[in-house]
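Visitor: this is the structure alone, sequence omitted:
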């Protein structure tokens with residue numbers, strides 16, 4: 001079957017979705033529709049902002065559909081009207097009901113940024129970094145009504161570097177996922193590739209990230225705190241409370257302060273501020289006070305002119 005003969009619907013919203021959308025278009029699939037989240041207000045001005053997938057679909061000349069929910073029969077009917085043979089999902093942002101899963105001729109496929117069954121859920125890249133995993137990857141799976149629980153068609157592992165942030169790693173995995181999707185589709189559509197059920201004994205689940213997750217706690221080790229800095233970049237951002245204000249931490253490394261200080265204590269190592277945690281200290285290479293721009297640790301110290309009150313925000 002030629003890609004041009006496959007009536008295809010793509011569902012996705014953020015930047016992660018774009019490589020898969022472009023790959024389908026470049027491979028010649030008959031993209032009838034791009035389904036994405038509704039425009040939302042964002043930023044300090046509260047202006048309406050379109051999802052990245054909508055912007056890209058309009059650039060490619062593909063019709064866009066933005067239903068509030070597929071729990072409404074009218075939304076399902078709008079999707080059914082294009083008579084899809086194939087639906088591909090990449091970070092759409094919602095669990096699809098059975099009425100949608102049953103629409104296409106082939107099972108609905110999903111591009112997921114982890115090596116399933118490890119890290120099912122909405123934040124798999126951050127979860128892998130937080131856990132200190134040495135590798136992650138991408139999975140192409142058939143969707144079922146339970147989150148990320150469907151059988152697997154293909155996986156591709158990818159190493160996690162000691163400097164990787166969630167933002168950087170997601171960008172890499174988005175490209176890897178798009179490549180794997182295009183490799184997987186032809187044999188699967190021709191019936192030569194079968195999905196394999198996930199091993200339920202190996203399942204791990206990650207939560208939806210919330211703003212408060214970025215608050216570094218005194219129970220963390222220094223290495224856990226360093227991983228949190230990378231895992232919460234770009235959102236929600238790692239932080240501690242300093243002088244009654246939020247101090248964002250964007251780059252940091254683990255240092256050795258000699259005798260283990262009390263968690264929450266501040267010190268200076270090699271001309272940079274450092275926060276004590278269990279089993280070491282976190283040296284702050286780049287920080288940001290609320291309402292200010294990011295600055296180096298050295299510049300932050302210069303601005304404080306030697307005044308380093310004890311942190312109040314480790315709990």
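Guide: Ah, there it is. Everything numeric here is computed off the predicted structure, so don't read it as measured data.

Visitor: doesn't residue 140 lie inside a strand?
Guide: Yes - using DSSP: H, G, I helix; E, B strand; the rest coil, the assignment for residue 140 is a strand.

Visitor: could I get the contacting residues of it?
Guide: Counting by C-beta atoms under 8 Å, 6 or more residues apart in numbering, residue 140 touches 109-112, 152-155, 177, 180-181, 184. Just so you know, the C-beta spots here come from the backbone N, C-alpha and C atoms, and that holds for glycine as well.

Visitor: let's go with 10 Å and repeat that
Guide: Residues in contact with residue 140 (C-beta atoms under 10 Å, 6 or more residues apart in numbering) are 20, 88, 109-112, 116, 152-156, 177, 180-181, 183-185, 188, 193, 195.

Visitor: quick one, what contacts residue 30?
Guide: Residue 30 neighbours (C-beta under 10 Å, 6+ apart): 2-9, 24, 82, 84-86.

Visitor: which of these fall in strands?
Guide: The members of the contacts of residue 30 that map onto strands under DSSP state E are 7-9, 86.

Visitor: which one of these is nearest residue 247?
Guide: The nearest member of these to residue 247, counting by C-beta to C-beta, is residue 9 at 45.1 Å.

Visitor: where does the stretch 101-250 of the chain dip in pLDDT?
Guide: Across the stretch 101-250 of the chain, nothing is flagged by pLDDT under 70.

Visitor: what ranges does it have for its strands?
Guide: Secondary structure of the stretch 101-250 of the chain (DSSP state E, counting those that start in this stretch): strands at 109-112, 135-142, 152-159, 238-242, 245-255.

Visitor: show me what the third one is packed against.
Guide: The one in question is strand 152-159. Counting contacts by 3 or more C-beta pairs under 10 Å, 6 or more residues apart in numbering; DSSP states H and E, strand 152-159 packs against strand 109-112, strand 135-142, helix 166-189.

Visitor: tell me what angle that strand forms with strand 135-142.
Guide: Strand 152-159 and strand 135-142 meet at an angle of 170 degrees, taking axes from the mean of the first three to the mean of the last three C-alpha atoms, to 10 degrees as the criterion.

Visitor: which parts of strand 152-159 are buried?
Guide: Using 16 or more other C-beta atoms under 10 Å as the test for burial, strand 152-159 gives 152-156, 158.

Visitor: and those residues as a markdown table, adding distance to residue 171?
Guide: Shown next, in a markdown table, are the buried residues of strand 152-159 (distance: C-beta to C-beta, whole Å):
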| residue | distance to residue 171 |
| --- | --- |
| 152 | 23 |
| 153 | 23 |
| 154 | 20 |
| 155 | 19 |
| 156 | 15 |
| 158 | 12 |
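
Visitor: quick one: which of those residues is nearest to residue 44?
Guide: Relative to residue 44, the closest of those is residue 158; by C-beta to C-beta it sits at 35.7 Å.

Visitor: which residue packs closest to the closest one, ignoring adjacent ones?
Guide: Nearest non-adjacent residue to residue 158, counting by C-beta to C-beta, 6 or more residues apart in numbering: residue 137, 4.8 Å away.

Visitor: list the contacts of that neighbour.
Guide: Taking C-beta under 10 Å, 6+ apart, one finds 112-116, 118, 124, 128, 155-160, 173, 176-177, 180 in contact with residue 137.

Visitor: just the buried residues from the residues you listed, in ChimeraX please.
Guide: Only the buried entries of the contacts of residue 137 go into this ChimeraX selection, using 16+ other C-beta under 10 Å:
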select :112,113,114,115,116,118,124,128,155,156,158,160,173,176,177,180
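
Visitor: now do the helices in the chain.
Guide: Using DSSP state H, the helices of the chain run over 18-26, 52-60, 73-80, 98-101, 124-130, 166-189, 222-231, 297-304.

Visitor: now the third one: buried residues?
Guide: Just to be clear, that refers to helix 73-80. Quick answer for helix 73-80 (16+ other C-beta under 10 Å): 75-76, 79.

Visitor: can you redo these as a markdown table with distance to residue 280?
Guide: Formatted as a markdown table, these follow (distance: C-beta to C-beta, whole Å):
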| residue | distance to residue 280 |
| --- | --- |
| 75 | 52 |
| 76 | 54 |
| 79 | 52 |
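
Visitor: so what pairs up with residue 284 in the strands?
Guide: Counting by DSSP bridges, residue 284 is bridged to residue 252.
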